[in-house]
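Engineer: Generate coordinates for the sequence data below:
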Amino acid sequence: MSDELNQRNKAKVWDYWQKLNHVGVDNVPDAVHAAVHEDVDWNGSAPIDQLLGADNLISGFWLPLLRSFPDIKIRPYIFMGGIESGGSEWGGEAGTEWVSACGYLTGTFVNDWLGIPATGLKTNIWFGQFYRMHEGKIAASYVQYDILSVARQAGYQVLPPSPGFDGGKIPGPVTKDGILLTEQDPLESRKTMQIVQAMGDGLMRYVRSRDGDDMSRMEQDKYWWPDMKWFGPSGIGGCFTLEEFEDFHQRNWLHGFGDRGLEVERGGVGVGFISEGMYACGGIWEMAFSYNHGDYAGIPATGKLMTMRDFDWYRREGDLLIENWVPIDMIDLCRQMDVDLMERLRQQIELRKSGAPGFW
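Structural biologist: Numbers count the residues shown, from 1 in each chain. All right, here's what the predicted structure looks like:
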């Protein structure tokens, strides 16, 4: 029964997205109301944050987005679903129904969006999304948009250059098989989740006070291909080997944060810890994960307990993981460190308008 339910949920969301892609702006409210519960709990990346109810979702997100990108289309390259089994330290309640996707919104940027000046050019908005389903409709949504990438495409950079590769369009699975509209082999699904869980257990073996810059106790080479691909948000960038991942992301992250197994009230929400075939996914939303011990992205340490909005999609090949897509809400992360990246953007816009010397 759970397989049938999962297939129905995926079909509902897929149909919803096809309607949003084709019905035109005047009919978007009808499409939204048909697919989501009236009291939907919609949570987006900063500065959009939480919108409660279908009407607020329409007026607070969809209509502004469509005014800015009238021809926008949803282009996922991973699309999957599942029923959460529970038992994960980070995950949600067993029996929760999820539909999950990662990919792009693509459209022509004709009017300013979230304070970002319009370019008149085709713009790609990287996204990762989890829908919690109930009785065939969307009851809650957790979605991240790489808003800093939209700003960068408009010519503004509010964080230092990413340590990893940045600036291009983040690719989907090299196998081009991430749209899982049909039932997957349950044995393969179970194997993928087992490897992801073992990899996560390895990460938890790191102890900041003991290990410092030494990442060897995590033994990540047991779980990843050496030429693995890790795709992070603007401000972190992409890594094209396990060594690059450690050098360009993990070491910096452990310096700035790095706690494991905090004995604090974590709060927040665990979302979508599910697997289908060779793919698995999961995430946390506003869940406590570490104290801010060191500087990060050029921002001094605050010592604060940090929460995070962080999603993962994984692809397995054989007995190891080979690709990982990781949207992180960098705007929310930085504002907890007392830096308002949207204010930095406003300042850069004003400098450009004034023709300030040396402004790129």
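Engineer: Excluding covalently adjacent residues, which one is nearest to D319?
Structural biologist: Closest residue to D319 apart from its sequence neighbours, by Cβ to Cβ, 6 or more residues apart in numbering: I195 at 7.2 Å. Bear in mind the C-beta positions are built from the backbone N, C-alpha and C, glycine included.
Engineer: in terms of contact, does that neighbour touch L320 like I think?
Structural biologist: Yes. Counting by Cβ atoms under 8 Å, I195 does reach L320; the two are 7.2 Å apart.
Engineer: Which one of these two is surrounded by more residues?
Structural biologist: More crowded of I195 and L320, by other Cβ atoms under 10 Å: I195, with 21 against 15.
Engineer: what's the helix or strand for the residue nearest to D319?
Structural biologist: Following DSSP states H and E, one finds I195 within helix 186-203.
Engineer: now swap in M308 and tell me
Structural biologist: Using DSSP H and E, M308 maps to strand 305-317.
Engineer: Show the average pLDDT along that strand.
Structural biologist: Mean per-residue pLDDT for strand 305-317: 98.
Engineer: now F311: how far from M330?
Structural biologist: From F311 over to M330 the distance is 13 Å, taken as Cβ to Cβ, to the nearest Å.
Engineer: Would you map the helices across the stretch 201-350 of the chain?
Structural biologist: For the stretch 201-350 of the chain, helices defined by DSSP state H, counting those that start in this stretch occupy the ranges 208-211, 242-244, 251-256, 330-336, 341-354.
Engineer: now the lengthiest helix in the chain: mean pLDDT?
Structural biologist: Determined from DSSP state H, the single longest helix within the chain is helix 2-22. For helix 2-22, mean pLDDT rounds to 96.
Engineer: packing partners for it?
Structural biologist: Applying 3 or more Cβ pairs under 8 Å, 6 or more residues apart in numbering; DSSP states H and E, we find helix 2-22 packed against helix 28-35, strand 73-83, strand 97-108, strand 122-134, strand 137-145.
Engineer: Export the ones you listed as CSV, with columns for mean pLDDT.
Structural biologist: CSV is the format used below for those (pLDDT from 0 to 100):
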stretch, mean pLDDT
helix 28-35, 97
strand 73-83, 98
strand 97-108, 98
strand 122-134, 98
strand 137-145, 98
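Engineer: These into TSV, with extra columns for distance to F61 and mean neighbour count?
Structural biologist: Converted to TSV, those look like this (distance: least, Cβ to Cβ, whole Å; neighbours: other Cβ atoms under 10 Å):
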stretch	distance to F61	mean neighbour count
helix 28-35	10	17
strand 73-83	13	21
strand 97-108	11	22
strand 122-134	12	22
strand 137-145	9	22
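Engineer: and S2, which of those is closest to it?
Structural biologist: The closest of the helices and strands packed on helix 2-22 to S2 is strand 73-83. By Cβ to Cβ, the value is 4.7 Å.
Engineer: Output the contacting helices and strands for that closest one.
Structural biologist: Strand 73-83 packs on helix 2-22, strand 97-108, strand 269-276, strand 279-291, going by 3+ Cβ pairs under 8 Å, 6+ apart.
Engineer: Now do the last one against strand 305-317, angle only.
Structural biologist: I take that to be strand 279-291. Using axes from the mean of the first three to the mean of the last three Cα atoms, to 10 degrees, the inter-axis angle of strand 279-291 relative to strand 305-317 is 160 degrees.
Engineer: Could you give the separation of strand 279-291 from the chain centroid?
Structural biologist: Taking Cα atoms, centre = their mean, to the nearest Å, one finds the center of strand 279-291 at 10 Å from the center of the full chain.
Engineer: That strand pairs with which strands, and in what direction?
Structural biologist: Next to strand 279-291 in the sheet, as set by DSSP bridges, lie strand 269-276 (antiparallel), strand 305-317 (antiparallel).
Engineer: Mean neighbour count and distance to P163 added to those strands, as a markdown table?
Structural biologist: Output for the strands paired with strand 279-291, formatted as a markdown table (neighbours: other Cβ atoms under 10 Å; distance: least, Cβ to Cβ, whole Å):
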| stretch | mean neighbour count | distance to P163 |
| --- | --- | --- |
| strand 269-276 | 26 | 27 |
| strand 305-317 | 22 | 17 |
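Engineer: With that, I have no additional questions.
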